[in-house]
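A.B. asks: I'll drop the sequence and a predicted model, then ask my questions.
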Amino acid sequence: MVDESGVNAEMATERASAIEEATFWADAAREARAALPTGWDVREEQIEAIVRGRDRVVLIVTSDNDFKLAMDYAAAKGVVVVVLGNLVDFSSAQRSRASDPKKYWDALRVECERRPLSRLKLVQSCDCALIWDPYVENIAGVWFPARGSGMGRWYHS
């Protein structure tokens, strides 16, 4: 016979430990990013504005929020964290791609506004997100989170 109270207590302890570790790395990543230099014009110097003086980059290809802990760990260690993923619905934009490129970009902008990227945990833990368009198998744009405001900007490629 299994003592359920002991198992439940062990599970609660493990969960509390995991939450504590995740919080530690999230705070460490936030502090590391806050200490980085700023001042680049993101419209003219996108790479410099993302890298901000760091010399190591990790590219994570996923849409899985479970990577947040690993991303926070990398950021806390001074690594630029870039996510590549299908973060928006491209189906409506795809219909207009062939007929009018401007309509395509407008449809993508609307989709990005419809699904606020800055609220995604995955995007909150990265220095930039490369938005993948699966229909053309290419990067459609870059999401650059604005530090401090919690918002960000989307730039199409």
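C.D. replies: Noted; the coordinates are in hand. Since we're looking at a predicted model, the values are computed, not measured. Residues are numbered from 1 along each chain as shown.
A.B. asks: shaky segments in the protein?
C.D. replies: Low-confidence segments of the chain, defined by pLDDT under 70: 1-4, 42-43, 63, 88-90, 92-101, 112, 115-118, 146-157.
A.B. asks: which residue ranges form the strands in it?
C.D. replies: Counting by DSSP state E, the chain has strands at residues 57-61, 80-85, 128-133, 138-145, 152-156.
A.B. asks: in JSON lines: these, plus distance to A74 and mean neighbour count.
C.D. replies: Placement of C-beta: from N, CA and C, glycine included. Below are the strands of the chain laid out as JSON lines (distance: least, Cβ to Cβ, whole Å; neighbours: other Cβ atoms under 10 Å):
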{"stretch": "strand 57-61", "distance to A74": "5", "mean neighbour count": "14"}
{"stretch": "strand 80-85", "distance to A74": "5", "mean neighbour count": "21"}
{"stretch": "strand 128-133", "distance to A74": "13", "mean neighbour count": "22"}
{"stretch": "strand 138-145", "distance to A74": "15", "mean neighbour count": "18"}
{"stretch": "strand 152-156", "distance to A74": "19", "mean neighbour count": "16"}
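A.B. asks: would you mind listing the buried residues in the lengthiest helix in the chain?
C.D. replies: When the chain is parsed with DSSP state H, its longest helix is helix 4-34. Within helix 4-34, the residues scored as buried using 16 or more other Cβ atoms under 10 Å are 25-26, 29-30, 32-33.
A.B. asks: between the residues you listed, which is closest to E113?
C.D. replies: The closest of the buried residues of helix 4-34 to E113 turns out to be R33 (Cβ to Cβ; 24.8 Å).
A.B. asks: E10: what's it in contact with?
C.D. replies: Neighbour list for E10: empty [criterion: Cβ atoms under 8 Å, 6 or more residues apart in numbering].
A.B. asks: so how far is A18 from it?
C.D. replies: Look at E10 and A18: by Cβ to Cβ, to the nearest Å, they are 13 Å apart.
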